[in-house]
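**Student:** Predicted coordinates and the sequence they were generated for:
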Amino acid sequence: MLVASFYKFTSLEDPASMVDPLERCCATHDVRGIVLLAPEGINATIAGTREDVMAVIDHLRADTRLADLTWKDAETDRPPFRKMRVRLKREIVTMGIEGIDPTNLTGTYVAPEDWNALISDPDVIVIDTRNEYEVAIGSFRNAVDPGIESFGELPAWLDAQIDVTRQPKVAMFCTGGIRCEKSTALLKQRGIRDVYHLEGGILKYLERVPEEDSLWSGECFVFDERVAVGHGLEVGDATLCRACRDPIRAADRASDLYLEGVSCPRCHGRTTDEQKARFAERKRQIDLARGRGDSHLSRVPDARTEN
């Protein structure tokens, strides 16, 4: 099964008019996933057979505004999505800052093969623009973790930490590249001259750079039921805590605070006894459904979108 991830910043004056035709195309080809449409463009991850996924991409590329759409491929042996969702949004990746236009201003792209040299320069500030739960399971060595819970918190962190008067060299990275389009555009708009970002994001780096040459440590969280991938885009060890939806690793699952479907070390102290009881009942109902062979009821919600 093919998983295709793609985004494009382009002016879509009436994105609502794209929804029904796209949903029909996806239904015809049994393609599942999530597509976000906004006036600033498109952001999506979809999955199906290669032929069917390409049919949906061809449908999108028939629109002259998306004619040069490119995508990242990955293969999986299990369906990463349980349904198809096409959503209208204000932004395809939510920063919450007016006037940021990556089509006109963005940082310098750095190919995965050249990334190691850039981030090994001690004069370069390397910033992981992802959310804290993503950074927790993997990142580049010596990268700065802003400790944010959502991408919308990053602008305030950058204002506090990046001194324009000192003109630092800044390198940024994220999962697939979309968040860095906006974050580097923001820094350039605010006057930082030397701003770089990893072309194709972590996923392209893990695909192209051999493990023995890699400066990546851990796994990369992805926004579907694969949960995380490692070098070569192989499905990783991480699973989802079905209570908080954060990724957890083997050490978390070995903790006394981990109870499948109920809590993990990350969320145990953040939920009430009432919530834990509700999660436990949900887990019981799912187990009963599985025992009956009811695959629909036993399925869990899809993972987050990249924001």
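**Tutor:** Yes, it's here.

**Student:** For the chain, which segments count as helices?
**Tutor:** In the chain, the segments counted as helices under DSSP state H are 16-28, 50-61, 112-119, 132-135, 154-161, 178-189, 201-208, 250-253, 273-292, 295-298.

**Student:** Looking at those helices, which is nearest to Leu233?
**Tutor:** Nearest of the helices of the chain to Leu233, taken as CB to CB: helix 201-208 at 5.4 Å. Every residue, glycine included, has its C-beta placed from N, CA and C.

**Student:** Report the angle between the closest one and helix 178-189.
**Tutor:** For helix 201-208 against helix 178-189, the angle by axes from the mean of the first three to the mean of the last three CA atoms, to 10 degrees is 120 degrees.

**Student:** Send me helix 201-208 as PDB with only the CA atoms.
**Tutor:** Once non-C-alpha atoms are left out, helix 201-208 reads as follows in PDB (Å, rounded to 0.1, in the frame of the first residue of the first chain):
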ATOM      1  CA  GLY A 201      11.700  17.400   6.100                       C
ATOM      2  CA  ILE A 202      12.800  14.600   8.300                       C
ATOM      3  CA  LEU A 203      11.000  12.000   6.200                       C
ATOM      4  CA  LYS A 204      13.100  12.800   3.100                       C
ATOM      5  CA  TYR A 205      16.300  12.800   5.300                       C
ATOM      6  CA  LEU A 206      15.500   9.400   6.700                       C
ATOM      7  CA  GLU A 207      14.700   8.100   3.200                       C
ATOM      8  CA  ARG A 208      17.900   9.400   1.600                       C
END
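
**Student:** And it, what does it pack against?
**Tutor:** Secondary-structure packing of helix 201-208 (3 or more CB pairs under 8 Å, 6 or more residues apart in numbering; DSSP states H and E): strand 72-75, helix 112-119, strand 169-173, strand 216-218, strand 220-221.

**Student:** Can you add mean pLDDT and give those back as a markdown table?
**Tutor:** As requested, the helices and strands packed on helix 201-208 are arranged in a markdown table below (pLDDT from 0 to 100):
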| stretch | mean pLDDT |
| --- | --- |
| strand 72-75 | 87 |
| helix 112-119 | 98 |
| strand 169-173 | 98 |
| strand 216-218 | 96 |
| strand 220-221 | 95 |
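
**Student:** most packed of the ones you listed?
**Tutor:** strand 220-221 (a mean of 26; mean count of other CB atoms under 10 Å).

**Student:** Now do that strand: distance to the chain's middle.
**Tutor:** 8 Å (CA atoms, centre = their mean, to the nearest Å).

**Student:** got the end-to-end distance for stretch 108-123?
**Tutor:** 17 Å (CA to CA, to the nearest Å).

**Student:** Just the residues contacting that stretch, thanks.
**Tutor:** The contact list for stretch 108-123, computed with CB atoms under 8 Å, 6 or more residues apart in numbering, reads 124, 126, 140, 142-143, 168-169, 171, 173, 194-200, 204-205, 207-209, 213, 215.

**Student:** low-scoring stretches of the stretch 51-200 of the chain, by residue?
**Tutor:** Low-confidence segments of the stretch 51-200 of the chain (pLDDT under 70): none present.
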